[in-house]
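Trainee: okay, predicted coordinates and the sequence, questions at the end:
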Number of protein chains: 2
Amino acid sequence: MTVLEAVRPPTNDTEERLLDAALSLFAEKGYEAASVREIIEATGVTRPVLYYYCSSKEDLFKRLVHWKHDEAYRNLGKLISETKGCAPRLRAILRGSFEFCATDPRVPRLMFQTHFGPTIPGIADFLTEIASLRFSIIQQVIQDGLDAGELTGGDAAALSLIFCCIMDQHINILSRLPKPRKRLTPELADSLVDVFLFGVGSDGVGSDGVGSDKAGSRKRRQPSLPPFAAGP
Amino acid sequence: MTVLEAVRPPTNDTEERLLDAALSLFAEKGYEAASVREIIEATGVTRPVLYYYCSSKEDLFKRLVHWKHDEAYRNLGKLISETKGCAPRLRAILRGSFEFCATDPRVPRLMFQTHFGPTIPGIADFLTEIASLRFSIIQQVIQDGLDAGELTGGDAAALSLIFCCIMDQHINILSRLPKPRKRLTPELADSLVDVFLFGVGSDGVGSDGVGSDKAGSRKRRQPSLPPFAAGP
DNA sequence: TGAAACCTAACGACCGTTAGGTAGGTATAC
DNA sequence: GTATACCTACCTAACGGTCGTTAGGTTTCA
């Protein structure tokens, strides 16, 4: 049986404030370093209140991740069902994910921090399952693209991994910087899909350096990435 | 002044065993969760021995990261100086990094885990500086490629970010799976550079889906990624 | 009247760190 | 030649602090 079973969303106001404070603190300091004491202090309640709503710190964390994941998951499914064709779907996924993450950067911080951060016993498997569920959505889109002849170069898993690398790492890095909304733009999303599809090598550049490709005139779409200002 | 000043490498046998045990435990459980007690137990010494060689847990961690980073940094510089041209250099960097990380997967796990994991006060700045030092090496190679007309599509920083996304995330993910040596292969490295340069879109696929690119016959190099088997 | 929502006050376990002591080697003074 | 001083390399035993968790009592409101 899967670990991703129905999890009751927060009903009570206190409960939702607890989960929101937990989101802030887990995203900022990580699961281990964010203490139950800090979470209840930020909420303005006492410790037994937390244990009234959640059975443990681990349960609190899982509820939180589940809650936010379900939002993202539904969002992704909706975007895909509303779009046809591989490239437009990839664009929709990237735009939608950027939008979702820019709206509340705590969410991607929490997700990537716990998934790529230190292994937490009792939570690692749960996070792996969450991640592979999302991966399989991308993989299906890519597989369709391969079947339709729109993509080439490898199997669906390998291509999906590359796409996720580009998408996730941009979200991961840019959502940590100030003003993520100014960075995770639709323009960047579209450009990244172009890079995925067409690469950044100049026309006429072959595999071994300048001008070694003698295949003749090529006129492929060139990505046009917005400048990346690393400053604050 | 930089935080990256000269750090004495381990001289004593006990000291090196301490650092090695620390590498294993920090890489596996993260900085916070790996306790001083576990590290000295794995080494087979008592706690004051650790404090004899290192002034604190934080110092131990920094010494360790510095030690391994210096290795990787020198390795990268050597590879670049031995190669000419942007694409061959990118290939050399990716091959070399895969080789380095496959040799001791604990190193990338430690690096990515602490860099993308929860923020650790007193260590975050140190890690950021380490990371940006490496990023600037890649960026210089990419800038040379732009200047030589081998690359296009954006500024050096934006392109470097994409390259690092692909490289780092593959290392990050594949070095966590069993038998990283079988996964971080030179063939995969070369294919990933091809994807970076040429993309994975089929010839004739434009920006809006199948067959919308009317630019005529194109004959560009197609990457050929090895299959990605997610299983154990 | 009783269930839901919350409180005070403590539990034991583990954390990083250190005070203070010792065994054994080696350089120096007489 | 040997006594003294000093060094490195380690030890035992404890320090104060924070952690997640809970037993048991109180308020509030239907």
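Mentor: Yep, that arrived.
Trainee: where does the residue nearest in space to the middle of chain A land on pLDDT?
Mentor: Centroid check for chain A by CA atoms, centre = their mean gives A:Asp168 as the closest residue, at 4.9 Å. On pLDDT, A:Asp168 comes in at 96.
Trainee: could you point out which element follows the host helix or strand of it?
Mentor: Assigned by DSSP states H and E, A:Asp168 falls within helix A:156-174. Next helix or strand after helix A:156-174 toward the C-terminus (DSSP H and E): helix A:180-183.
Trainee: what angle separates the next helix or strand after that next one from helix B:156-174?
Mentor: As assigned by DSSP H and E, the chain's next helix or strand after helix A:180-183 is helix A:186-198. With axes from the mean of the first three to the mean of the last three CA atoms, to 10 degrees as the basis, helix A:186-198 and helix B:156-174 are set at 70 degrees to each other.
Trainee: what's helix A:186-198 in contact with?
Mentor: With contact meaning CB atoms under 8 Å, 6 or more residues apart in numbering or on different chains, helix A:186-198 is reached by A:87, A:90-91, A:94-95, A:97-99, A:151, A:162-163, A:166-167, A:170, A:220-226, B:153-154, B:162, B:195-196, B:198-201, B:205, B:207. (Glycine included, C-beta is placed from N, CA and C.)
Trainee: which ChimeraX command selects the buried ones in those?
Mentor: To isolate the buried members of those in ChimeraX, using 16 or more other CB atoms under 10 Å in any protein chain shown:
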select /A:87,90,91,94,95,97,98,99,151,162,163,166,167,170,220,221,222,223,225 /B:153,154,162,195,196,198,199,200,201,205,207
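Trainee: out of the contacts of helix A:186-198, which are close to DNA strand C?
Mentor: Applying CB under 7 Å from any atom of the strand to the contacts of helix A:186-198, one finds that nothing falls near DNA strand C.
Trainee: would you map the helices across chain A?
Mentor: Listed in chain order, the helices of chain A (DSSP state H) span A:13-29, A:36-43, A:47-53, A:57-81, A:86-103, A:106-116, A:124-147, A:156-174, A:180-183, A:186-198.
Trainee: can I get those in CSV including distance to B:Leu18?
Mentor: CSV is the format used below for these (distance: least, CB to CB, whole Å):
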stretch, distance to B:Leu18
helix A:13-29, 27
helix A:36-43, 32
helix A:47-53, 38
helix A:57-81, 31
helix A:86-103, 40
helix A:106-116, 26
helix A:124-147, 27
helix A:156-174, 32
helix A:180-183, 40
helix A:186-198, 43
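Trainee: could those go into CSV alongside distance to DNA strand D?
Mentor: Output for those, formatted as CSV (distance: least, CB to the nearest atom of the strand, whole Å):
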stretch, distance to DNA strand D
helix A:13-29, 9
helix A:36-43, 4
helix A:47-53, 4
helix A:57-81, 4
helix A:86-103, 26
helix A:106-116, 14
helix A:124-147, 15
helix A:156-174, 24
helix A:180-183, 27
helix A:186-198, 37
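Trainee: lowest confidence element among the helices and strands of chain A?
Mentor: The least trusted helix or strand in chain A, going by mean pLDDT, DSSP states H and E, turns out to be strand A:209-210, with a mean of 38.
Trainee: out of the helices of chain A, which comes closest to B:Val107?
Mentor: With CB to CB as the measure, helix A:106-116 is the member of the helices of chain A nearest B:Val107 (15.2 Å).
Trainee: touching chain B at all, that closest one?
Mentor: Yes. Counting by CB under 8 Å from any CB of the partner chain, chain B has neighbours in helix A:106-116: A:112-113, A:116.
Trainee: just give the nearest non-adjacent residue to A:Phe198, would you?
Mentor: Leaving out its chain neighbours, the residue that sits closest to A:Phe198 by CB to CB, 6 or more residues apart in numbering or on different chains is B:Gly199, at 4.0 Å.
Trainee: show the model's pLDDT score for that neighbour.
Mentor: 92.
Trainee: what is the end-to-end distance of stretch A:139-153?
Mentor: Stretch A:139-153 has an end-to-end distance of 14 Å (criterion: CA to CA, to the nearest Å).
Trainee: residues touching that stretch, excluding its own?
Mentor: Contacting residues not belonging to stretch A:139-153 are listed as A:80, A:85-87, A:89-90, A:93, A:155-157, A:159-160, A:163, A:197, B:191, B:194-195, B:200-202, B:205, B:209-210, B:222-225 [CB under 8 Å, 6+ apart].
Trainee: what about the closest residue to A:Trp67 other than its chain neighbours, neighbour count?
Mentor: Excluding the flanking residues, the one nearest A:Trp67 by CB to CB, 6+ apart is A:Pro9, at 5.9 Å. The number of residues packed near A:Pro9 is 13, by other CB atoms under 10 Å in any protein chain shown.
Trainee: quick check: A:Pro9 vs A:Gln140, distance?
Mentor: Counting by CB to CB, to the nearest Å, the gap from A:Pro9 to A:Gln140 is 27 Å.
Trainee: kindly report the same for A:Gly154.
Mentor: Relative to A:Gln140, and taking CB to CB, A:Gly154 is found at 16 Å.
Trainee: flag the shaky bits of chain A, pLDDT-wise.
Mentor: A:1-8, A:204-221, A:229-232 (pLDDT under 70).
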